[in-house]
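Q: Provided below are the primary sequence and the corresponding predicted coordinates.
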Amino acid sequence: MPDTPARSIANPLASLLKRRFDLPDEDATLAFGGRFALALAHIKRTLGERFPGLQVQLIGDLGAGKTTLVRATLRALGHAGRVRSPTYTLVEPYSLATDLGPLDVYHFDLYRFVDPAEWADAGFREYFDTGAICLVEWPQKAGGLLGVPDLEFTLEPEGEGRVLIARAFSETGKTCLESC
Ligand code: ADP
Ligand code: MG
């Protein structure tokens with residue numbers, strides 16, 4: 001299947017797996033978040049101590065549904081409190097106590113970055129590669145400094161709903177996407 005030449009697809013690399021999900025309404029997005037959380041839990045259970053963490057880049061215009069998807073994922077992972085959009089704080093951390101043990105999730109929103117160098121200045125690099133799940137809205141604002149993600153989710157409007165194009169760039173991401 002050829003890659004969609006959509007302008008919003010930021011990563012030019014060939015993916016290991018690409019899947020399309022039709023999300024005709026918000027409930028469909030919430031349901032996808034639930035399946036994604038289950039997939040994350042499954043891979044963490046399978047890999048145990050070897051779970052390397054996961055970077056997910058969320059692409060899409062304002063209102064595309066990126067935060068909605070993150071909120072659904074966090075809820076399904078057992079987070080009971082509020083999920084604020086990190087528009088001003090840039091990152092919101094979550095320490096979840098899951099059945100599988102502690103799980104750190106970091107929700108980034110880089111929309112307000114004026115210069116990609118802010119990524120390094122903010123010290124965000126240290127959040128990655130620590131076994132945490134990093135969900136990043138507006139990764140383009142870091143100008144490639146994030147490197148290649150495990151997964152890229154692109155959300156675009158379609159009628160009243162959305163379509164999600166998911167691409168995996170690592171084996172961990174591929175395994176996760178296969179069970180969504
Ligand atoms: P973003 O973080 O991409 O700027 P938000 O998640 O904050 O977007 O807002 C998305 C808006 O679209 C919310 O009002 C939400 O209710 C709505 N929405 C989310 N998913 C869908 C969907 N699949 N179909 C229709 N509306 C949706
Ligand atoms: Mg948002």
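A: Now that the structure is in, tell me what you want to look at. Just so it is clear, the structure is predicted and the values come from calculations on it, not from any experiment. Ligands and ions are numbered 1, 2, ... in the order given.
Q: So in terms of bridging, what pairs with the most centrally placed residue in the chain?
A: Centroid-nearest residue in the chain: residue 56, 3.2 Å away (criterion: C-alpha atoms, centre = their mean). Under the criterion DSSP bridges, residue 56 forms beta bridges with residue 135, residue 151.
Q: Now do it, the pLDDT please.
A: For residue 56, the model assigns a pLDDT of 98.
Q: quick one: contacts for it?
A: For residue 56, the contact set (C-beta atoms under 8 Å, 6 or more residues apart in numbering) comprises 133, 134, 135, 136, 149, 150, 151, 152, 153, 173. Quick note: C-beta positions are derived from backbone N, CA and C, even for glycine.
Q: Quick check: the gap between it and residue 70.
A: To residue 70, residue 56 is 9 Å away according to C-beta to C-beta, to the nearest Å.
Q: Identify the contacts common to these two.
A: Common neighbours of residue 56 and residue 70 (criterion: C-beta under 8 Å, 6+ apart): residue 135.
Q: List the beta-bridge partners for residue 101.
A: Going by DSSP bridges, residue 101 forms beta bridges with residue 98.
Q: Count the residues that sit near it.
A: Neighbour count of residue 101, defined by other C-beta atoms under 10 Å: 12.
Q: Next: residue 33.
A: Neighbourhood size, residue 33 [other C-beta under 10 Å]: 21.
Q: what's near enough to touch it?
A: Contacts of residue 33 (C-beta under 8 Å, 6+ apart): 68, 69, 70, 71, 72, 73, 75, 76.
Q: Make sure it is indeed in a strand.
A: No. Using DSSP: H, G, I helix; E, B strand; the rest coil, the secondary structure at residue 33 is helix, not a strand.
Q: How about it, nearest residue that isn't a chain neighbour?
A: residue 72 (2.5 Å; C-beta to C-beta, 6 or more residues apart in numbering).
Q: Bridged to residue 165, which residues?
A: Beta-bridge partners recorded for residue 165 (DSSP bridges): residue 20, residue 154.
Q: Tell me if I'm right that it and residue 177 touch.
A: No. At 11.1 Å, residue 165 does not count as touching residue 177 under the criterion of C-beta atoms under 8 Å.
Q: can you list residues touching both of those two?
A: residue 19.
Q: Other residues contacting the helix or strand bottoming out on mean pLDDT in the chain?
A: The weakest-scoring helix or strand in the chain, judged by mean pLDDT, DSSP states H and E, is helix 117-121 (a mean of 92). The contact list for helix 117-121, computed with C-beta under 8 Å, 6+ apart, reads 110, 113, 125, 142, 143, 145, 146.
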